[in-house]
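In: how does the following fold in three dimensions:
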Amino acid sequence: MIRLAILASGVGSNMQAIVDAYKFGILKGLAEVVLVISNNTNAFVLERAKKENIKSVCIERKNFKDEESFNKEILVELQAANTDLVCLAGYMRMIDKEILKVYNGRILNIHPALLPKFGGKGMYGHFVHEAVVKAGGKKSGATVHFANEEYDSGKIILRQEVEVSKSDTPEDVARKVLEAEHKIYPQAIKKVIEENLRG
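Out: Residues are numbered from 1 along each chain as shown. Next up, the predicted model:
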C-alpha cells in the first residue's frame with residue numbers, strides 16, 4: 001500500500017476526494033493517506049483529517065526562527081510517517097529544495113488551469129479563474145504535475161478540460177474546475193503509482 005501525505009493550507013476538498021478514492025474508488029487497495037500537514041491552524045483540512053482518523057499536524061512558519069528549521073520539521077514529519085508520495089492540495093508555500101531532493105519525482109501538485117497557461121507565481125485560486133475570464137478563454141481545467149523548484153513548471157501527469165462560456169463568472173469557472181480537480185487528482189495518483197512507484 002502506497003503511503004500518501006497531503007500538504008494543504010485551506011478547505012481540503014482535494015484531500016477529501018483522495019480519501020474517498022481509496023475508501024470507495026480507484027485508489028482502493030493501492031494507496032492511503034497517512035498524514036496531513038497544514039501551515040494554517042484555521043485550515044478546515046485539519047478538521048477533515050480528524051474526522052477521517054488521519055494523523056494531522058500544523059506546522060506554521062511563524063513558530064520557527066528561519067525557513068530551514070521550518071522546512072526541516074516538515075521533512076521530519078514526512079519521513080516519520082514513511083511517506084511514499086507527497087500530494088500538494090492547495091498548499092500555499094513553495095516546497096523547499098531539500099524536501100524536493102528527498103522526494104524527487106514523488107511530489108505532486110494540482111493547479112486550477114490548463115498548464116502551461118495561467119501558471120506561475122501569484123497564479124492561484126481565484127486569481128487564475130479571473131485571469132481566464134478576463135482573457136476570454138473558452139476552456140480551462142485542472143492539471144496535475146510533478147512539483148519542482150519553479151511554480152507550476154514540473155512535468156505534467158494529467159490534465160482535464162472544462163468548457164468556459166461567455167456568461168461564466170470567475171466563480172462559475174472555479175466551480176467547474178474544482179469538479180475536474182476532484183476527478184483528476186486520484187487518477188493522477190493512480191497513474192504515478194503504477195508507472196513510477198511500481199515499476
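
In: what about stretch 105-116, start to end distance?
Out: 19 Å (CA to CA, to the nearest Å).

In: let me know the average pLDDT across the top helix by length along the chain.
Out: As assigned by DSSP state H, the longest helix anywhere in the chain is helix 170-192. Per-residue pLDDT over helix 170-192 has a mean of 97.

In: neighbouring contacts of whichever strand or helix holds I6?
Out: In this assignment (DSSP states H and E), I6 forms part of strand 2-8. Outside strand 2-8, the residues that touch it by CB atoms under 8 Å, 6 or more residues apart in numbering are 12, 14-15, 18, 30-39, 43, 45, 74, 77-78, 81-91, 189, 193, 197. (Glycine included, C-beta is placed from N, CA and C.)

In: list the buried ones in it?
Out: 2, 4-8 (16 or more other CB atoms under 10 Å).

In: JSON lines for those residues, including pLDDT?
Out: Below are the buried residues of strand 2-8 laid out as JSON lines (pLDDT from 0 to 100):
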{"residue": "I2", "pLDDT": "96"}
{"residue": "L4", "pLDDT": "98"}
{"residue": "A5", "pLDDT": "98"}
{"residue": "I6", "pLDDT": "98"}
{"residue": "L7", "pLDDT": "97"}
{"residue": "A8", "pLDDT": "96"}
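
In: of the residues you listed, closest to E98?
Out: L7 (14.7 Å; CB to CB).

In: could you give the angle of the longest helix of the chain to strand 2-8?
Out: Helix 170-192 runs at 160 degrees relative to strand 2-8, counting by axes from the mean of the first three to the mean of the last three CA atoms, to 10 degrees.

In: next, the buried residues of helix 170-192.
Out: Here helix 170-192 shows 170, 173-174, 176-178, 180-190, 192 as buried, counting by 16+ other CB under 10 Å.

In: got the contact list for the helix or strand immediately after the strand holding I6 in the chain?
Out: The helix or strand immediately downstream of strand 2-8 is helix 13-24, counting by DSSP H and E. With contacts defined as CB under 8 Å, 6+ apart, helix 13-24 is touched by 4, 6, 8, 27-28, 30-33, 36, 45, 48-49, 52, 54, 87, 89-90, 110, 178, 181-183, 185-186, 189.

In: mind exporting helix 13-24 as PDB, just the C-alpha atoms?
Out: Extracted in PDB, the C-alpha atoms of helix 13-24 (Å, rounded to 0.1, in the frame of the first residue of the first chain):
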ATOM      1  CA  SER A  13     -11.700  19.300  -0.700                       C
ATOM      2  CA  ASN A  14      -9.000  17.600  -2.800                       C
ATOM      3  CA  MET A  15      -7.700  15.800   0.200                       C
ATOM      4  CA  GLN A  16     -11.300  14.500   0.700                       C
ATOM      5  CA  ALA A  17     -11.500  13.500  -2.900                       C
ATOM      6  CA  ILE A  18      -8.300  11.400  -2.500                       C
ATOM      7  CA  VAL A  19      -9.500   9.900   0.800                       C
ATOM      8  CA  ASP A  20     -12.800   9.000  -0.900                       C
ATOM      9  CA  ALA A  21     -10.900   7.400  -3.800                       C
ATOM     10  CA  TYR A  22      -9.100   5.000  -1.600                       C
ATOM     11  CA  LYS A  23     -12.100   4.200   0.600                       C
ATOM     12  CA  PHE A  24     -14.600   3.700  -2.300                       C
END
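
In: thanks a lot, catch you later.
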